[in-house]
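In: What shape does this take:
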Amino acid sequence: MNRDDLPAPDDGLLVTHFLTVGDVPRSRAFYADIFGGRVVLEENPCIVKVANTWIIMNPGGGPTPDKPGITLRTPQAADAVSAFLNVRVADIATFYDEARSKGAEFVTEPIDRKAEIRCYLRDPDGYLIEIGQATGMLQGIFADRPASAGEADQR
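Out: Numbering: from 1, shown residues only. As a prediction, this is how the structure comes out:
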């Protein structure tokens, strides 16, 4: 294995994304197939290099000495999300078509949001993944701001 394949900077820092998964081989295949990732380590932990980042995956589990009182688990409710992977693509229509042909299931088709075109899909454990292509933001056009809680109540 080449040291450059591992998320280990020579200086400074780099950011990776860790996912607690229910089935490592299934998730490894998803990120390698759908996103064209390269498997760096098969397991313990599984590491898949995707573009300019790494997805690190391991099964859930209970507390450890370095994270006392913390249990890792896959998403428990599909309608409640506190964080998600955000993937930026050059051509969302091509990515969408290719990912669907490989079995990816999207929440919706790509939708134009003025600043970007975006859609979401879920991985095998239910993690939400945003796929977006910058469009209007490249010309200074941004999405409408969400209505404030008070304004939403008045409608």
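
In: Enumerate every residue touching the residue nearest the centre of the chain.
Out: By CA atoms, centre = their mean, the chain has its centre lying nearest to Leu85, at 2.6 Å. Neighbouring residues of Leu85 by CB atoms under 8 Å, 6 or more residues apart in numbering: His17, Ile55, Tyr127, Leu128, Ile129, Glu130. C-beta here means a position set from N, CA and C on the backbone, and glycine is covered the same way.

In: 7 Å - rerun?
Out: His17, Tyr127, Ile129 (CB atoms under 7 Å, 6 or more residues apart in numbering).

In: Can you give me the neighbour number for the second one?
Out: So that's Tyr127. 20 (other CB atoms under 10 Å).

In: Is it in contact with Arg73, as I believe?
Out: No: the pair Tyr127 / Arg73 is not scored as a contact, 11.9 Å apart, by CB atoms under 7 Å.

In: of the contacts of Leu85, closest to Met137?
Out: Taking CB to CB as the measure, Met137 sits nearest to Ile129 out of those, at 19.8 Å.

In: got the CA positions of whatever helix or strand that closest one lives in in PDB?
Out: Counting by DSSP states H and E, the element that carries Ile129 is strand 128-134. Taking Å, rounded to 0.1, in the frame of the first residue of the first chain, the C-alpha atoms of strand 128-134 are listed here in PDB:
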ATOM      1  CA  LEU A 128     -28.400  11.100   3.500                       C
ATOM      2  CA  ILE A 129     -26.100  12.300   0.700                       C
ATOM      3  CA  GLU A 130     -26.600  15.600  -1.100                       C
ATOM      4  CA  ILE A 131     -25.400  15.700  -4.700                       C
ATOM      5  CA  GLY A 132     -25.000  19.200  -6.000                       C
ATOM      6  CA  GLN A 133     -23.800  21.100  -9.000                       C
ATOM      7  CA  ALA A 134     -23.000  24.800  -8.700                       C
END
